[in-house]
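Novice: got a predicted structure plus its sequence, pasted below:
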Amino acid sequence: MDAARALLDSLMGAERNAALEDREKLRRKFWDRTVCKHYLCGLCPYELLAQTRSDVGEHKTAAEHDLRCKQEWESLTAEERKEYGYEYDLLEWMEQLVRQCDERIAMSKRRLEEKEEEKPIEKKLSEEEAEKVLQLRAQMDQLIAKAENLGEEGKVEESMQITAQ
(Lines give C-alpha, C1' and ligand atoms only; values in the text may rest on other atoms or scores of the structure.)
Protein backbone atom coordinates (compact mmCIF):
# COMPACT_ATOMS: atom_id res chain seq x y z
CA MET A 1 0.00 0.00 0.00
CA ASP A 2 2.80 2.39 0.90
CA ALA A 3 4.60 1.57 -2.33
CA ALA A 4 1.49 2.47 -4.34
CA ARG A 5 1.10 5.69 -2.38
CA ALA A 6 4.76 6.58 -2.96
CA LEU A 7 4.36 5.91 -6.68
CA LEU A 8 1.26 8.11 -6.88
CA ASP A 9 3.06 10.83 -4.90
CA SER A 10 6.00 10.77 -7.29
CA LEU A 11 3.76 10.87 -10.37
CA MET A 12 0.91 13.13 -9.26
CA GLY A 13 2.39 14.91 -6.26
CA ALA A 14 1.66 14.47 -2.58
CA GLU A 15 -1.04 17.15 -2.82
CA ARG A 16 -3.17 15.16 -5.29
CA ASN A 17 -6.07 14.73 -2.82
CA ALA A 18 -6.18 18.37 -1.74
CA ALA A 19 -8.69 20.93 -3.04
CA LEU A 20 -7.60 22.83 -6.16
CA GLU A 21 -7.08 26.10 -4.30
CA ASP A 22 -4.87 24.39 -1.67
CA ARG A 23 -2.73 22.39 -4.07
CA GLU A 24 -0.29 25.16 -4.93
CA LYS A 25 0.42 25.79 -1.24
CA LEU A 26 0.95 22.10 -0.55
CA ARG A 27 2.92 21.31 -3.69
CA ARG A 28 6.48 20.26 -2.99
CA LYS A 29 9.27 22.46 -4.32
CA PHE A 30 12.66 21.12 -5.36
CA TRP A 31 14.35 22.89 -2.43
CA ASP A 32 12.15 21.16 0.18
CA ARG A 33 13.96 18.90 2.64
CA THR A 34 11.86 15.93 1.55
CA VAL A 35 13.18 15.98 -2.04
CA CYS A 36 16.34 14.06 -2.98
CA LYS A 37 18.75 16.67 -4.33
CA HIS A 38 20.94 14.02 -5.95
CA TYR A 39 17.96 12.74 -7.95
CA LEU A 40 17.35 16.29 -9.18
CA CYS A 41 20.91 16.35 -10.55
CA GLY A 42 20.27 13.11 -12.42
CA LEU A 43 22.09 10.56 -10.26
CA CYS A 44 21.01 9.25 -6.88
CA PRO A 45 23.81 7.12 -5.34
CA TYR A 46 21.32 5.60 -2.90
CA GLU A 47 19.41 4.17 -5.84
CA LEU A 48 22.38 3.50 -8.13
CA LEU A 49 24.49 1.62 -5.58
CA ALA A 50 21.67 -0.25 -3.84
CA GLN A 51 22.53 -3.91 -3.23
CA THR A 52 26.13 -3.57 -4.42
CA ARG A 53 29.39 -3.83 -2.50
CA SER A 54 29.37 -0.02 -2.37
CA ASP A 55 25.81 0.26 -1.04
CA VAL A 56 25.45 3.55 0.87
CA GLY A 57 22.20 2.54 2.58
CA GLU A 58 18.88 4.32 2.65
CA HIS A 59 18.22 8.06 2.30
CA LYS A 60 19.16 9.59 5.64
CA THR A 61 16.47 12.26 5.51
CA ALA A 62 13.69 10.15 3.99
CA ALA A 63 14.14 12.14 0.79
CA GLU A 64 11.92 11.20 -2.10
CA HIS A 65 12.41 11.19 -5.84
CA ASP A 66 9.85 13.64 -7.14
CA LEU A 67 9.51 13.81 -10.92
CA ARG A 68 7.77 17.21 -10.87
CA CYS A 69 10.55 18.70 -8.78
CA LYS A 70 13.13 17.25 -11.17
CA GLN A 71 11.35 18.85 -14.12
CA GLU A 72 11.24 22.14 -12.22
CA TRP A 73 14.97 21.80 -11.48
CA GLU A 74 15.79 21.05 -15.12
CA SER A 75 13.87 24.13 -16.25
CA LEU A 76 16.36 26.34 -14.38
CA THR A 77 19.36 27.81 -16.18
CA ALA A 78 22.85 26.50 -15.41
CA GLU A 79 23.66 29.64 -13.39
CA GLU A 80 20.51 29.28 -11.29
CA ARG A 81 21.27 25.61 -10.59
CA LYS A 82 24.84 26.50 -9.66
CA GLU A 83 23.58 28.88 -6.96
CA TYR A 84 21.92 26.00 -5.08
CA GLY A 85 25.12 23.91 -5.05
CA TYR A 86 23.35 20.55 -5.34
CA GLU A 87 25.48 19.44 -8.28
CA TYR A 88 28.67 20.44 -6.46
CA ASP A 89 27.60 18.47 -3.38
CA LEU A 90 26.85 15.44 -5.54
CA LEU A 91 30.23 15.76 -7.27
CA GLU A 92 32.05 15.91 -3.93
CA TRP A 93 30.19 12.87 -2.62
CA MET A 94 30.81 10.87 -5.80
CA GLU A 95 34.53 11.74 -5.65
CA GLN A 96 34.59 10.53 -2.05
CA LEU A 97 32.89 7.27 -3.07
CA VAL A 98 35.43 6.80 -5.87
CA ARG A 99 38.31 7.39 -3.42
CA GLN A 100 36.84 4.80 -1.05
CA CYS A 101 36.53 2.28 -3.88
CA ASP A 102 40.10 3.00 -4.97
CA GLU A 103 41.30 2.42 -1.39
CA ARG A 104 39.42 -0.91 -1.21
CA ILE A 105 40.94 -1.96 -4.53
CA ALA A 106 44.46 -1.00 -3.40
CA MET A 107 43.97 -2.89 -0.12
CA SER A 108 42.77 -5.96 -1.99
CA LYS A 109 45.76 -5.78 -4.33
CA ARG A 110 48.13 -5.54 -1.34
CA ARG A 111 46.49 -8.57 0.28
CA LEU A 112 46.74 -10.49 -2.98
CA GLU A 113 50.43 -9.59 -3.36
CA GLU A 114 51.08 -10.71 0.24
CA LYS A 115 49.40 -14.04 -0.46
CA GLU A 116 51.47 -14.42 -3.63
CA GLU A 117 54.65 -13.84 -1.61
CA GLU A 118 53.58 -16.41 0.99
CA LYS A 119 53.12 -19.16 -1.60
CA PRO A 120 55.98 -21.65 -1.71
CA ILE A 121 58.05 -21.37 -4.81
CA GLU A 122 57.36 -24.27 -7.10
CA LYS A 123 60.44 -26.02 -8.25
CA LYS A 124 60.63 -26.78 -11.94
CA LEU A 125 61.47 -30.40 -12.62
CA SER A 126 64.26 -31.36 -14.94
CA GLU A 127 63.49 -33.67 -17.84
CA GLU A 128 64.94 -36.63 -15.96
CA GLU A 129 62.85 -35.90 -12.86
CA ALA A 130 59.69 -35.40 -14.93
CA GLU A 131 60.29 -38.71 -16.71
CA LYS A 132 60.84 -40.45 -13.38
CA VAL A 133 57.55 -39.00 -12.05
CA LEU A 134 55.74 -40.32 -15.12
CA GLN A 135 57.25 -43.76 -14.62
CA LEU A 136 56.25 -43.81 -10.95
CA ARG A 137 52.70 -42.78 -11.84
CA ALA A 138 52.51 -45.54 -14.44
CA GLN A 139 53.74 -48.09 -11.89
CA MET A 140 51.18 -46.84 -9.34
CA ASP A 141 48.38 -47.14 -11.90
CA GLN A 142 49.45 -50.69 -12.73
CA LEU A 143 49.61 -51.68 -9.06
CA ILE A 144 46.18 -50.18 -8.38
CA ALA A 145 44.69 -52.02 -11.35
CA LYS A 146 46.33 -55.27 -10.23
CA ALA A 147 45.04 -54.79 -6.65
CA GLU A 148 41.51 -54.15 -7.94
CA ASN A 149 41.61 -57.28 -10.10
CA LEU A 150 42.82 -59.40 -7.19
CA GLY A 151 40.10 -57.94 -4.98
CA GLU A 152 37.45 -58.81 -7.58
CA GLU A 153 38.79 -62.38 -7.75
CA GLY A 154 38.41 -62.68 -3.98
CA LYS A 155 42.14 -62.56 -3.19
CA VAL A 156 41.75 -59.77 -0.64
CA GLU A 157 44.99 -60.44 1.31
CA GLU A 158 47.13 -60.33 -1.83
CA SER A 159 45.28 -57.17 -2.92
CA MET A 160 46.03 -55.56 0.45
CA GLN A 161 49.73 -56.45 0.12
CA ILE A 162 49.95 -54.85 -3.31
CA THR A 163 48.12 -51.76 -2.05
CA ALA A 164 50.61 -51.45 0.82
CA GLN A 165 53.52 -51.28 -1.64
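Specialist: That came through fine.

Novice: Gln51 and Leu40, how far apart?
Specialist: According to C-beta to C-beta, to the nearest Å, Gln51 stands 23 Å off from Leu40. The way it works is simple: take the backbone N, C-alpha and C, and place the C-beta from them, glycine included.

Novice: more neighbours: the two, which one.
Specialist: Using other C-beta atoms under 10 Å as the criterion, Gln51 and Leu40 rank with Leu40 on top: 25 against 5.

Novice: who's in contact with the more buried one?
Specialist: Counting by C-beta atoms under 8 Å, 6 or more residues apart in numbering, Leu40 makes contact with 30, 69-70, 73, 86.

Novice: make TSV from these and add distance to Lys119, neighbour count and pLDDT to it.
Specialist: As requested, these are arranged in TSV below (distance: C-beta to C-beta, whole Å; neighbours: other C-beta atoms under 10 Å; pLDDT from 0 to 100):
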residue	distance to Lys119	neighbour count	pLDDT
Phe30	56	22	70
Cys69	56	24	80
Lys70	53	18	82
Trp73	55	23	81
Tyr86	50	20	85
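
Novice: reformat the residues you listed as JSON lines; add secondary structure and distance to Glu113.
Specialist: JSON lines is the format used below for the contacts of Leu40 (DSSP: H, G, I helix; E, B strand; the rest coil; distance: C-beta to C-beta, whole Å):
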{"residue": "Phe30", "secondary structure": "coil", "distance to Glu113": "48"}
{"residue": "Cys69", "secondary structure": "helix", "distance to Glu113": "48"}
{"residue": "Lys70", "secondary structure": "helix", "distance to Glu113": "45"}
{"residue": "Trp73", "secondary structure": "helix", "distance to Glu113": "46"}
{"residue": "Tyr86", "secondary structure": "helix", "distance to Glu113": "41"}
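
Novice: and of those residues, the nearest to Glu148?
Specialist: Using C-beta to C-beta, Lys70 comes nearest to Glu148 of those, at 74.2 Å.

Novice: done for today, thanks.
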